[in-house]
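Engineer: Let's see this in three dimensions:
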Amino acid sequence: MRKLRRFAVRQAASAGLVAVTLLGGLGNSHAITIELKDVAPDRIERQRAAADGRIPLSRTPDVDRLAERLQEAGVKPGAPMLMRIFKETSELEVWLEKGDRFHLFATYPICHWSGTLGPKLREGDKQTPEGFYAINSRQLRHIGRWPRAINLGYPNTFDRAHNRDGSYILMHGGCSSVGCFAMTNPVMSEIHGLAKAAIGDGQRYIPVHVFPFRMTDAALSARADSPWHDFWATLKEGYASFERTKRPPRVSVCKGEYRVEDALPKSAAAAEEPQAKRGRRGRARGELMLGALRTHCPEPLVVTADGKEHTTSATTDRTPVDGQTVTQR
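Structural biologist: From the prediction side, this is the model:
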């Protein structure tokens, strides 16, 4: 029966089938559901490994040594966090703040994601989304059968502006999924714990940047004929900003399009906020908004004669942040 399963998987990969279900014998029954189109064929191997009990997957960090790994990296539990997902290479990165910059803490293999490169457009299309998302405390709640899961927040303001729909797109455990990112239970437990600690220590929004591939000039140029090239070019701005500054960029949705601005250094952002305006745990408002997806058009910066930058308006207004309203300078 195992030989039959492996033969069917090889045939599915060579034929480019979208979905295959493999059933084991009655005494040891389980199913592998593969949503595969034209990229990341190693998804088949990971699903087979998970079904055979070969967990953790290759290249998985030692989740049993989380405390030691945090200490070795020089970061504390509860440090501000950013996640990046790359569909083509089936990788999820966790970056943690240390000093003024975010440092790569761990890279996890994604056990399974469904569909192909390109954004999710509608409910039931079996696609995983792409874009800029933000996680808050409500999105860490127990969801369905998964004890540890994170709701990505799809559709966000950009998605809704383009009439994209769908619901409950998660990062969760296991290794089978349609439209979500399945991370295996041990890995999802670690990611969920890091996110819960960051939010518990005052980070209101954890940015999650979902990319089709590493957004280099060469990679984008190689896909110049893709119908998603222009959309990917806007995602590349956010990728490039983080690569430059190693801080989550300020991402806004303005007139239905993503707008990206480099984040200020942590020290500079803190210096702009008087102590009286500091919020939870003494954090500056700018720190509390780190990673939020803003739903307004950013005000243009004006450079004065002495070289200092300021916006055209210094007033404080009420700015919606992807479904919520907050006071933002």
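Engineer: now the helices for the stretch 51-200 of the chain?
Structural biologist: With helices called from DSSP state H, counting those that start in this stretch, the stretch 51-200 of the chain shows them at 66-73, 157-161, 185-200.
Engineer: Assign the residue sitting nearest the centre point of the chain to helix, strand or coil.
Structural biologist: By C-alpha atoms, centre = their mean, the chain has its centre lying nearest to V208, at 2.9 Å. Recorded secondary structure, V208: strand (DSSP: H, G, I helix; E, B strand; the rest coil).
Engineer: Surely it is in contact with L92?
Structural biologist: No. Counting by C-beta atoms under 8 Å, V208 does not reach L92; the two are 9.1 Å apart. The way it works is simple: take the backbone N, C-alpha and C, and place the C-beta from them, glycine included.
Engineer: Need the residues touching each of the two.
Structural biologist: 83-85 (C-beta atoms under 8 Å, 6 or more residues apart in numbering).
Engineer: The residue nearest to V187 when sequence neighbours are not counted and D230, how far apart?
Structural biologist: Excluding its sequence neighbours, the residue lying closest to V187 (C-beta to C-beta, 6 or more residues apart in numbering) is Y108, at 5.1 Å. The spacing between Y108 and D230, counted by C-beta to C-beta, to the nearest Å, is 30 Å.
Engineer: export the shared contacts of V208 and L92 to TSV and tack on distance to H112, pLDDT and neighbour count?
Structural biologist: Output for these, formatted as TSV (distance: C-beta to C-beta, whole Å; pLDDT from 0 to 100; neighbours: other C-beta atoms under 10 Å):
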residue	distance to H112	pLDDT	neighbour count
M83	17	98	23
R84	18	98	20
I85	13	98	24
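Engineer: Would you mind telling me which of Y108 and D230 has the busier surroundings?
Structural biologist: Per other C-beta atoms under 10 Å, whichever of Y108 and D230 has more neighbours is Y108, with 25 against 8.
Engineer: what sits opposite that one in the beta ladder?
Structural biologist: L92 (DSSP bridges).
Engineer: Spit out the contact partners of it.
Structural biologist: Residues near Y108 by C-beta under 8 Å, 6+ apart: 60-61, 91-94, 183, 187, 191.
Engineer: Residue ranges in this structure under the pLDDT threshold?
Structural biologist: Applying pLDDT under 70 to the chain picks out residues 1-38, 267-289, 299-329.
Engineer: thinking again about what came up before, would you mind giving the helices of the stretch 51-200 of the chain as a markdown table with distance to R214 added?
Structural biologist: Formatted as a markdown table, these follow (distance: least, C-beta to C-beta, whole Å):
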| stretch | distance to R214 |
| --- | --- |
| helix 66-73 | 22 |
| helix 157-161 | 21 |
| helix 185-200 | 21 |
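Engineer: Between the ones you listed, which one is closest to S241.
Structural biologist: Among those, helix 157-161 comes nearest to S241, with 16.4 Å by C-beta to C-beta.
Engineer: just checking, what packs against that closest one?
Structural biologist: If contacts are counted by 3 or more C-beta pairs under 8 Å, 6 or more residues apart in numbering; DSSP states H and E, helix 157-161 sits against strand 131-135, strand 250-254.
Engineer: Swap in 10 Å and give it another go.
Structural biologist: Helices and strands touching helix 157-161, as assessed by 3 or more C-beta pairs under 10 Å, 6 or more residues apart in numbering; DSSP states H and E, comprise strand 131-135, strand 250-254, strand 257-261, strand 293-294.
Engineer: how far does it sit from the chain's center?
Structural biologist: How far helix 157-161 lies from its chain's middle: 17 Å, per C-alpha atoms, centre = their mean, to the nearest Å.
Engineer: Great, nothing more from me.
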